[in-house]
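S.K.: Prediction below, plus the sequence it came from.
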2 protein chains.
Amino acid sequence: MSDSAQAEKIAEKIIDGKAFAAGLRERVGAAVAKLNAEHGLTPGLAVVLVGEDPASQVYVRNKAKQTKEAGMASFEHRLPDTTSQEELLALVKQLNEDPSVHGILVQLPLPKQIDSAAVLDTIDPAKDVDGFHVINAGRLATGQDALVPCTPLGCLMLLKDRLGDLSGKHAVVLGRSNIVGKPMAQLLLGANCTVTIAHSRTKDLPAECRRADILVAAVGRPEMVRGDWIAPGATVIDVGINRIEGADGKNRLVGDVAFEEAVKVAGAITPVPGGVGPMTIACLLANTLTAACRAKGLPAPEL
Amino acid sequence: MSDSAQAEKIAEKIIDGKAFAAGLRERVGAAVAKLNAEHGLTPGLAVVLVGEDPASQVYVRNKAKQTKEAGMASFEHRLPDTTSQEELLALVKQLNEDPSVHGILVQLPLPKQIDSAAVLDTIDPAKDVDGFHVINAGRLATGQDALVPCTPLGCLMLLKDRLGDLSGKHAVVLGRSNIVGKPMAQLLLGANCTVTIAHSRTKDLPAECRRADILVAAVGRPEMVRGDWIAPGATVIDVGINRIEGADGKNRLVGDVAFEEAVKVAGAITPVPGGVGPMTIACLLANTLTAACRAKGLPAPEL
């Protein structure tokens, strides 16, 4: 095969999360415009940032920007890092009562004096667009309508877009965190996959991964999944975002999958960056739209 | 091997749930007596039966009998099958408020005019000894202290008793119901197993099952799992209780596993009856004890 044919073949394998997320944001924007025209409803997202964490500031800025671009109302609440738990809970309760706010996101991590679990469980589950409330976890676990954590929801969308019906496929989820691995497994089960959850205690991880039609890596270990862990033709979703020092001494981002090796074997694969990452905020907007529709007793639009 | 040696080998493989459940009930009884002596606390279980379903009447009678035998208080509420949802919800709310009641169980199925989900979600999650409330499902799904559905809890106890540490074992759960399959998967994951959830859409179920160190069958299909679905030496937990007509025209109980074939291959296996079945009420008592201890701010005893 010529070099250019080879390059083309690899390009076809890449799942372009950045492009898909842009399309999703457009569809959310169109649905918001329709909701506004037909029902006078503008979905509103409140984002609460406590303290000065630089990464959190970037995230919050991006969320606000994309919220406004989708035609939604964005409410930003910035509190000093000396904020007490009582003060934060009071704000959350006020946002719970505010009818113009349909989604509430409290940016993590929170300062040490604040119990994150107490804050997350104070958010009205109907406004919990991060999907971290115990009631949303329970709804997802029992197959009811839930607000689902944004990252696994984004992964599911990419998979359905690439593969169509997932029924009967063997999915292996590597990692069992509450915000990615476990809800990812629930979503894949809901899509009728046979689901295996593998983790640090799993014996012979490579062999387990090689059995996957769909492999979702969410362990936070740079390039742990090698090319020979992947079945020929499998679809690989790489949730990891790890900063490592390259040979040139510069920092670069890599996933949990050794991309250069994996892309030769896989049928399709998300790159890092530009794969799962951009889906997270787009799904946050989708969740806010869903929450607004449900609050108004309207069906959530298909996105 | 002689016939008697063969019979002895098979006897060693059988996981005697009836005997284990009797021991568990004794340990619960001892813990109740200690709780009573040291803290003046008598755990109380309220069971609500609506209508005249004969099977439900038998269950409720057995639950009340075993509750009293363990030294707990038993409160029975029998309502006519014309009971309205409002009347049932009013009773549940009254039991939620009653400090002598630590566990509430509403026997299913309920008459048609009543929305079971609404009733189950009205039970105080701290008193939800069936573990069916969405908050308990969410706590289990996110690794928090939960009240766990009795049948999978019983299966886990039998497994730990037979195998000790389950870490790293490959468990296959056949079936994905909210009351057995899904919570069973969560419990096995919590015990550090690699967990596969297989179901009616799984391709090549026999091959999937053959990969299991631990196989839990919870599908409600008589003798579906054959001997050649089981890896030599695997531990098999049969949750099925199916009534079928035998060759002699009489009804008999069989599990989801073809026992006679399976016992030759498996390392250990629960029979039907006398395996998982007796564990369910024993675990209900254990959950009631746990709920009573937590209500009083005491640690739940190890059972």
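M.R.: Structure received.

S.K.: residues contacting residue A:158?
M.R.: By CB atoms under 8 Å, 6 or more residues apart in numbering or on different chains, the contact set of residue A:158 is A:15, A:17, A:20, A:237, A:270, A:275-276, A:279. In short, each C-beta sits where N, CA and C put it, glycine included.

S.K.: Tell me the one of those residues nearest chain B?
M.R.: Closest approach between the contacts of residue A:158 and chain B, by CB to the nearest CB: residue A:237, at 18.3 Å.

S.K.: Okay, the residue nearest to residue A:133 when sequence neighbours are not counted and residue B:183: tell me how far apart.
M.R.: In this structure, residue A:133 finds its nearest non-sequential neighbour in residue A:125, 4.7 Å apart by CB to CB, 6 or more residues apart in numbering or on different chains. Counting by CB to CB, to the nearest Å, the separation of residue A:125 from residue B:183 is 20 Å.

S.K.: Those two: which is more packed in?
M.R.: Per other CB atoms under 10 Å in any protein chain shown, whichever of residue A:125 and residue B:183 has more neighbours is residue B:183, with 29 against 20.

S.K.: Okay, and that one sits in which element?
M.R.: Following DSSP states H and E, one finds residue B:183 within helix B:181-190.

S.K.: by how many degrees do that helix and helix A:181-190 diverge?
M.R.: For helix B:181-190 against helix A:181-190, the angle by axes from the mean of the first three to the mean of the last three CA atoms, to 10 degrees is 150 degrees.

S.K.: So which residues make contact with helix B:181-190?
M.R.: Residues outside helix B:181-190 that contact it (CB under 8 Å, 6+ apart) are A:141-142, A:176, A:182, A:189, A:197, B:131, B:137, B:140-141, B:143, B:148-149, B:152-153, B:155-156, B:166, B:171, B:173-176, B:195, B:197, B:199, B:214, B:216, B:218.

S.K.: go with 6 Å
M.R.: Applying CB atoms under 6 Å, 6 or more residues apart in numbering or on different chains, the contact partners of helix B:181-190 are A:197, B:140-141, B:149, B:152, B:156, B:171, B:173, B:175-176, B:195, B:197, B:216, B:218.

S.K.: Tell me the buried residues in stretch A:75-84?
M.R.: Using 16 or more other CB atoms under 10 Å in any protein chain shown as the test for burial, stretch A:75-84 gives A:75, A:77, A:79, A:83.

S.K.: In terms of helices and strands, where is residue A:88?
M.R.: Applying DSSP H and E, one finds residue A:88 within helix A:85-97.

S.K.: need the contact list for the residue of the stretch 51-200 of chain A found nearest chain B.
M.R.: Distances between the stretch 51-200 of chain A and chain B by CB to the nearest CB are smallest at residue A:138, namely 2.9 Å. For residue A:138, the contact set (CB under 6 Å, 6+ apart) comprises B:134-135, B:137-138.

S.K.: which phi and psi does it have?
M.R.: Main-chain dihedrals, residue A:138, degrees, to the nearest 10: phi -70, psi -40.

S.K.: which residue packs closest to it, ignoring adjacent ones?
M.R.: Distance criterion CB to CB, 6+ apart; nearest residue to residue A:138, sequence neighbours excluded, is residue B:138 at 2.9 Å.

S.K.: how near is that neighbour to residue A:140?
M.R.: Between residue B:138 and residue A:140 the distance is 8 Å, computed by CB to CB.

S.K.: Residue A:40 too?
M.R.: Using CB to CB, one obtains 31 Å as the distance from residue A:40 to residue A:140.

S.K.: can you give me the helices in chain A?
M.R.: Along chain A, counting by DSSP state H, helices occupy A:3-13, A:17-39, A:54-69, A:85-97, A:116-120, A:134-141, A:150-163, A:181-190, A:205-210, A:259-265, A:277-295.

S.K.: Export the ones you listed as TSV, with columns for mean pLDDT.
M.R.: Output for these, formatted as TSV (pLDDT from 0 to 100):
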stretch	mean pLDDT
helix A:3-13	89
helix A:17-39	98
helix A:54-69	94
helix A:85-97	98
helix A:116-120	94
helix A:134-141	97
helix A:150-163	98
helix A:181-190	98
helix A:205-210	98
helix A:259-265	97
helix A:277-295	97
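
S.K.: For those helices, give me JSON lines that also has distance to residue B:113.
M.R.: Compiled in JSON lines, those are given as follows (distance: least, CB to CB, whole Å):
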{"stretch": "helix A:3-13", "distance to residue B:113": "56"}
{"stretch": "helix A:17-39", "distance to residue B:113": "34"}
{"stretch": "helix A:54-69", "distance to residue B:113": "44"}
{"stretch": "helix A:85-97", "distance to residue B:113": "33"}
{"stretch": "helix A:116-120", "distance to residue B:113": "37"}
{"stretch": "helix A:134-141", "distance to residue B:113": "25"}
{"stretch": "helix A:150-163", "distance to residue B:113": "37"}
{"stretch": "helix A:181-190", "distance to residue B:113": "30"}
{"stretch": "helix A:205-210", "distance to residue B:113": "49"}
{"stretch": "helix A:259-265", "distance to residue B:113": "56"}
{"stretch": "helix A:277-295", "distance to residue B:113": "27"}
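
S.K.: so which of these gets nearest residue A:107?
M.R.: Nearest of these to residue A:107, taken as CB to CB: helix A:54-69 at 4.9 Å.

S.K.: Keeping just the C-alphas, turn the closest one into CSV.
M.R.: Output of helix A:54-69 as CSV, limited to C-alpha atoms (Å, rounded to 0.1, in the frame of the first residue of the first chain):
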residue,chain,number,x,y,z
PRO,A,54,-6.6,27.8,37.0
ALA,A,55,-7.8,24.6,35.2
SER,A,56,-11.3,25.1,36.7
GLN,A,57,-11.3,28.7,35.5
VAL,A,58,-10.6,27.6,32.0
TYR,A,59,-13.4,24.9,32.1
VAL,A,60,-15.9,27.3,33.5
ARG,A,61,-15.1,30.0,30.9
ASN,A,62,-15.5,27.4,28.1
LYS,A,63,-18.8,26.2,29.5
ALA,A,64,-20.2,29.7,29.8
LYS,A,65,-19.1,30.5,26.2
GLN,A,66,-20.6,27.4,24.7
THR,A,67,-23.8,27.7,26.7
LYS,A,68,-24.4,31.2,25.3
GLU,A,69,-23.4,30.1,21.8
